[in-house]
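> please work out how this folds:
(one chain, ligands or ions: 1)
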Amino acid sequence: MKIIIKKNKKEAAHEAAKIVVAELQKNARLVLGLATGKTMIPFYKELVSQSKKQKISFSQVTTFNLDEYVGISSENKKSFRYFMEKNFFSKVDLQKSNINFLNGMSKNFSHECARYELALARSGGIDLQILGIGRNAHIAFNEPGSSEKSKTRKVELSKETIKINSSPKSALTVGISTILRSKKIILLAFGKEKSQAIYNALHAKVSSNVPASFLREHKNATFILDEKAFSNIKKLK
Ligand code: GLP
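Residues are numbered from 1 along each chain as shown. Below you'll find the model as predicted:
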């Protein structure tokens, strides 16, 4: 596990975008795993600006987002699809047909989740997965209790997550095993409210109680943090 600490979220987002741009320069057909949430806003801003400066095209890139709320359509401002259109998809030359998303309006969730796993496998797998982290150390929507072997599925969200995200009660999410299959992983976390989750991810016993702790078992995972997310780490238990 590699840890990079930057002064603030702008510098951390800059660093993460620099790594993605370098990967895109090596491989124009990159398969990118993408995340949503406030943490991702400065990251997408940086990625759009750096890729414009470096004249990077996304025309051959394939993307897979981690999760989506159940019962919310892509036009709904609360949907992750809407977030992605606004912050990233509309700003780069990605081909619509190369954008993959879980459909929270599906009539058959198990079928929808199996379809997603198959699409992931057919793409050759995620080359680079970007992750955020919840305050309870969830990754994607794998809440505490999620198995290391979990795949894409429908999940019930924790009370804490529903409150913080003011979200619906359930979601579709890739599993922990789906995430761990990615060739390279970058997790971003900013702010004091994430410091306990980061501490637990790095130091607690690797277990379902702390979903992000499973990342310690990955060969190529990097945490990019601002000083606040790393700040109280020594004091926390
Ligand atoms: C949601 C997403 C996660 C994300 C988390 C943190 O729960 N499913 O993928 O990491 O929010 O969001 P934020 O960056 O807003 O703190």
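> which residues of this structure score low on pLDDT?
Low-confidence segments of the chain, defined by pLDDT under 70, span residues 232-237.
> contacts for the lengthiest helix in it next, please.
In the chain, with assignment by DSSP state H, the single longest helix is helix 9-26. With CB atoms under 8 Å, 6 or more residues apart in numbering as the test, helix 9-26 has contacts from 4, 6, 30, 32, 39, 42-43, 45-47, 49-51, 54, 56, 58, 61, 127-128, 130, 184, 186, 188, 190-191, 222, 224-226. C-betas here are computed from N, CA, C, even on glycine.
> hmm, try it at 6 Å
For helix 9-26, contacts defined as CB atoms under 6 Å, 6 or more residues apart in numbering pick out 6, 30, 42-43, 46-47, 50-51, 54, 56, 128, 186, 188, 190, 224, 226.
> what do you get for stretch 89-96?
By CB under 6 Å, 6+ apart, stretch 89-96 touches Val48, Ser57, Phe58, Ser59.
> what's the local residue count around Val206?
14 (other CB atoms under 10 Å).
> could you do Ala221 as well?
Every residue meeting other CB under 10 Å relative to Ala221 is counted, giving 22.
> same deal with Lys194?
Lys194, neighbours per other CB under 10 Å, totals 24.
> Three-state assignment for it, please.
Following DSSP: H, G, I helix; E, B strand; the rest coil, the label given to Lys194 is helix.
> what's it in contact with, if anything?
Ala229.
> test my guess that Ser170 contacts Val70.
Yes - judged on CB atoms under 6 Å, Ser170 makes contact with Val70 at a distance of 4.3 Å.
> give me the more crowded residue out of those two.
Set side by side, Ser170 and Val70 show more neighbours around Val70, with 20 against 17, by other CB under 10 Å.
> for Met105, see how far away the more buried one is.
Distance, Val70 to Met105, by CB to CB, to the nearest Å: 8 Å.
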